[in-house]
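1. when you get a sec, could you give me coordinates for this:
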Amino acid sequence: MTITLRSFGEADYDWLVDLHGRLYAKDEGFDETFGALVAEILREFLQNHDPACERGFVAVNETGERLGSIFCVRLDAETAKLRLFLLTSEARGHGLGKHLLDACTGFARQAGYARMKLWTHESHRAACALYARNGWTLHSSKPVRSFGQSLVEQHWSRPL
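-> From the prediction side, this is the model:
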């Protein structure tokens, strides 16, 4: 399978909101507030992102089918935030997650950030294992009630 990473654009908005909403509802029982949060994040990105230091990546196969996404956004002058990292069910287990993670951290490094941070949930075990294998450190965990579920929220970071 040949994979290309391209920049996220307005035409990807509905697809990515729908994908997040469907996959997280099916896999984790998240309610509609999760899709609404993704929509809000993407609207903000489309309206205000600085292409010099923020980028959304969309992975596509040779037929143009979208397989996943990852975003690098500015948290502050020295810190990038990883957001909206997701793969379709079919794309999982083939190394695409590492490819997207490497592209995102590489972009953040080139943009001049000193470190990256992210927020996730403990239930995203495959993603958390990927972070741990690639230089990320878990800094905090706490039980929360989000998206209609009892979850354990986590905060990770890594130097660049």
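2. point out where this protein drops to low pLDDT.
-> Along the chain, segments meeting pLDDT under 70 span 1.
3. one more time with 50, if that's ok
-> Counting by pLDDT under 50, the chain contains no low-confidence residues.
4. most distant residue from the centre of it?
-> Most distant residue from the mean C-alpha position of the chain: Thr63, 22.8 Å away (CA atoms, centre = their mean).
5. which SSE is it in?
-> For Thr63, there is no helix or strand it lies in under DSSP states H and E.
6. helix, strand or coil for the nearest residue to Gly112 once chain neighbours are set aside?
-> Sequence neighbours aside, Cys53 is the residue nearest to Gly112 in space, at 7.3 Å (criterion: CB to CB, 6 or more residues apart in numbering). Heads up, the C-betas are built off the backbone N, CA and C, glycines and all. Classification of Cys53 using DSSP: H, G, I helix; E, B strand; the rest coil returns coil.
7. state the distance from Asp31 to Glu54.
-> 28 Å (CB to CB, to the nearest Å).
8. what does Trp156 give?
-> 19 Å.
9. tell me which element Ser157 is part of?
-> Per DSSP H and E: strand 149-159 holds Ser157.
10. buried set for that strand?
-> 151, 154, 156-158 (16 or more other CB atoms under 10 Å).
11. check stretch 100-112 too.
-> Here stretch 100-112 shows 100-101, 103-105, 107-108, 111 as buried, counting by 16+ other CB under 10 Å.
12. kindly indicate which of those lies nearest Thr88.
-> Leu100 (12.0 Å; CB to CB).
13. wait, the closest one sits on Ile70?
-> Yes - if you go by CB atoms under 8 Å, Leu100 and Ile70 touch, sitting 4.3 Å apart.
14. which residues do the two both contact?
-> When CB atoms under 8 Å, 6 or more residues apart in numbering defines a contact, the residues bordering Leu100 and Ile70 alike are 57, 85.
15. which residues touch the nearest residue to Glu32 once chain neighbours are set aside?
-> Of all residues beyond its chain neighbours, the one nearest Glu32 is Gly21 (7.1 Å), with distances taken as CB to CB, 6+ apart. The contact partners of Gly21, taken as CB under 8 Å, 6+ apart, are 30, 32, 34-35, 38.
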